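Enquirer: attaching a predicted model along with its sequence, questions to come.
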Amino acid sequence: MPSGSSAASQQLKRPAAYGSPSTILRSSGLGLICSRGFRTTTVTCGLRTGIVGLPNVGKSTMFNALCENGKAQAANFPFCTIEPNVGIVAVPDARLAILSKMSGSEKLVPTSVEFVDIAGLVKGASKGEGLGNQFLANIRECDSIVQVVRCFEDADVVHVAGKVDPVDDTDVINFELALADITQIERRLERLKKIKGKTTDEAKKNELEAGALQRIMQALEQNQPARSVSLSEEEAELVRGLCLLTMKPMIYAANVAEEDLADQGATNSYVQALREKAAGESCDVVVVSAQVEAELNELDKEEAAEYLASLGVEEGGLGSLISATYRQLGLLTYFTTGEKETRAWTIKAGFTAPQAAGVIHTDFERGFIRAETVAYDDFVTAGGFNPAKEKGLLRSEGKEYVVKEGDVMLFRFNV
């Protein structure tokens with residue numbers, strides 16, 4: 001092992017596709033500083049999801065299909081995406097159009113997700129193959145990770161390892177992420193040993209952080225991600241600054257042939273193997289077809305619906321991926337609606353009414369008085385705010401109210 005490496009790095013089981021741990025450790029982009037964590041207040045138009053995967057798994061094809069303005073060059077050779085390509089994607093939500101029509105809104109504004117197409121990794125990154133350092137740096141900038149995994153056979157599309165094996169493919173990337181986390185933790189633990197808290201409170205916090213990091217290290221050594229470790233709120237806050245890669249929510253996008261969409265990969269052995277792996281990692285698996293997504297991009301709304309129906313599915317991969325991302329990150333949507341505009345807002349589950357108002361503008365949170373609130377279904381059934389009020393469905397909620405999925409809200413504030 002190179003100097004500075006620990007036994008922990010040696011104990012981490014490497015995937016068969018990789019070389020020695022020392023080979024990987026030198027390519028792991030160690031010591032990177034996190035410049036962005038998940039923002040706990042404003043996430044509307046700010047949720048960033050990194051799309052990762054080995055070369056030729058359909059990653060850039062998926063990105064291109066998801067982002068109509070995507071500039072990634074999808075081609076059948078590795079590293080056609082040298083720099084991360086970014087696309088802002090509107091979150092599909094049928095409720096938005098209904099509210100807009102009811103309110104006679106001049107403008108309809110959906111919330112959005114930012115997808116980042118990140119260059120892939122291959123075996124031998126330390127020898128100049130692949131783009132390991134950029135790969136890890138770009139993931140640190142994301143709130144969640146979608147790992148595209150090849151679950152289809154196609155002799156015309158070369159696999160970088162020479163065979164289709166979704167479990168091995170994910171091991172390659174997950175191993176790299178874990179090694180980077182181990183190095184981050186080792187350095188932080190060494191730092192905690194050297195520094196002494198100026199107060200008893202600081203010393204206790206340092207001790208609490210060290211204990212949390214040691215538990216995370218143990219999990220990583222057993223091939224479990226950091227997110228699998230149960231942490232208290234205080235512990236989670238203390239380790240958040242490290243921006244551990246395996247702490248980020250992970251979704252496996254099983255890229256299948258179109259004939260596997262109808263049964264969601266139930267008869268696809270690759271998808272089943274991936275699901276078994278994901279179950280032990282606190283990850284979701286979403287079955288998608290990058291090729292189908294690309295074809296949908298060429299169709300109008302009616303044609304796309306007919307095409308999906310012919311395949312036996314109700315929605316495309318975008319909706320499925322966003323739904324899974326929302327679940328993993330614990331997000332929900334509320335609405336504001338009126339003659340000027342109808343808009344969807346994304347917040348963390350558990351936000352109070354003032355916090356939700358702060359997503360719109362900090363003045364709304366600072367001068368919050370109350371929130372006139374009605375559930376989406378009640379709003380639609382009643383026919384708007386005024387009818388809902390007449391039927392006793394409109395509530396006046398105060399500062400302690402916890403916003404629910406689909407709430408339609410009108411904030412009263414004074415600054």
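Expert: Looks like it arrived, so ask away. Residues are numbered from 1 along each chain as shown.
Enquirer: could you pull up the contacting residues of the spatially most central residue of the chain?
Expert: The centroid of the chain falls nearest to residue 144 when counting by C-alpha atoms, centre = their mean (2.6 Å). Residues near residue 144 by C-beta atoms under 8 Å, 6 or more residues apart in numbering: 47-50, 248-251, 325, 328-329. To be clear about C-beta, it is placed using only N, CA and C from the backbone, and glycine gets the same treatment.
Enquirer: ok, so of those residues, who is nearest residue 386?
Expert: residue 47 (33.4 Å; C-beta to C-beta).
Enquirer: surely the closest one meets residue 329?
Expert: Yes. With contact defined as C-beta atoms under 8 Å, residue 47 counts as touching residue 329 (7.4 Å).
Enquirer: and residue 319, how many neighbours?
Expert: Per other C-beta atoms under 10 Å, the neighbour tally for residue 319 reads 15.
Enquirer: isn't there a helix covering residue 336?
Expert: No. Read with DSSP: H, G, I helix; E, B strand; the rest coil, residue 336 is strand and lies in no helix.
Enquirer: nearest residue to it other than its sequence neighbours?
Expert: Spatial nearest neighbour of residue 336, chain neighbours left out: residue 343 (5.3 Å); criterion: C-beta to C-beta, 6 or more residues apart in numbering.
Enquirer: what do you get for residue 316?
Expert: residue 296 (5.4 Å).
Enquirer: so who does residue 51 touch?
Expert: Applying C-beta under 8 Å, 6+ apart, the residues contacting residue 51 are 59, 62-63, 115-118, 146, 148, 253.
Enquirer: for it, helix, strand, or coil?
Expert: With three-state DSSP as the criterion, residue 51 reads strand.
Enquirer: from residue 284, how far off is it?
Expert: 15 Å (C-beta to C-beta, to the nearest Å).
Enquirer: which stretches of the chain form strands?
Expert: Taking DSSP state E as the test, the strands found in the chain are 47-52, 85-90, 107-109, 112-117, 144-150, 250-255, 284-288, 331-337, 341-348, 368-375, 395-397, 407-413.
Enquirer: hmm, residue 370 is touching residue 397, no?
Expert: Yes. Using C-beta under 8 Å, residue 370 is in contact with residue 397, at 6.4 Å.
Enquirer: now for the two: what residues contact both?
Expert: residue 353.
Enquirer: tell me the mean pLDDT over stretch 290-297?
Expert: What stretch 290-297 shows for mean pLDDT is 83.
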